[in-house]
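> only geometry, no sequence info:
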């Protein structure tokens, strides 16, 4: 019998088996500024820490990036920052978004 300490989960590998149908014409998540570097560091930092798909990033030069294409549709970013820097969060349209697969 396996011990709990012997079980490892590779989240990136599991996320990689999901299928994404990205709606290029209608982003289901929008932030309140087009220039992400103008967003408050503390609020954006929340998104970097809580997004399970790692869609919010800050590079080594401090530049912020975001791409909704790999969204898991969990709503964590909406809960963390709606009303501060997340200006729109809605479910993707029919046949759009993530299709979870069990790998």
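Structure received. Just so we're clear, the structure is a prediction, and the values are computed from it rather than from any experiment.
> three-state assignment of residue 46?
With DSSP: H, G, I helix; E, B strand; the rest coil as the basis, residue 46 sits in helix.
> change the start of the numbering to 17 and stick with it
Let's use 17 as the start, then, which means that last one is residue 62.
> now it: how far from residue 44?
Note on residue 62: its distance to residue 44, by C-beta to C-beta, to the nearest Å, is 19 Å. C-beta coordinates here come from the backbone N, C-alpha and C atoms, glycine included.
> all strands for this protein, in order.
Shown for the chain, the strands assigned by DSSP state E span residues 35-37, 45-47, 72-74, 80-82, 102-105, 113-115.
> Let's have these in CSV, adding mean pLDDT.
Converted to CSV, those look like this (pLDDT from 0 to 100):
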stretch, mean pLDDT
strand 35-37, 79
strand 45-47, 95
strand 72-74, 96
strand 80-82, 96
strand 102-105, 94
strand 113-115, 78
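> Of those, which is nearest residue 66?
Closest to residue 66 of the strands of the chain, according to C-beta to C-beta: strand 72-74, at 8.6 Å.
> Next, the residues that contact that closest one from outside, please.
60-61, 63-64, 80-82, 93 (C-beta atoms under 8 Å, 6 or more residues apart in numbering).
> Give me the buried entries from the residues you listed.
Buried members of these, counted by 16 or more other C-beta atoms under 10 Å: 60, 63, 80, 82, 93.
> Tell me the one among these nearest to residue 36.
residue 82 (15.6 Å).
> For stretch 97-105, buried residues please.
For stretch 97-105, a neighbour-count test (16+ other C-beta under 10 Å) marks 97, 100-102, 105 as buried.
> Also stretch 44-63?
Neighbour counts over stretch 44-63 (16+ other C-beta under 10 Å) mark 44-47, 52, 55, 60, 62-63 as buried.
> export the residues you listed to TSV and tack on distance to residue 34?
What follows is the buried residues of stretch 44-63, written out as TSV (distance: C-beta to C-beta, whole Å):
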residue	distance to residue 34
44	16
45	17
46	22
47	23
52	25
55	27
60	25
62	24
63	20
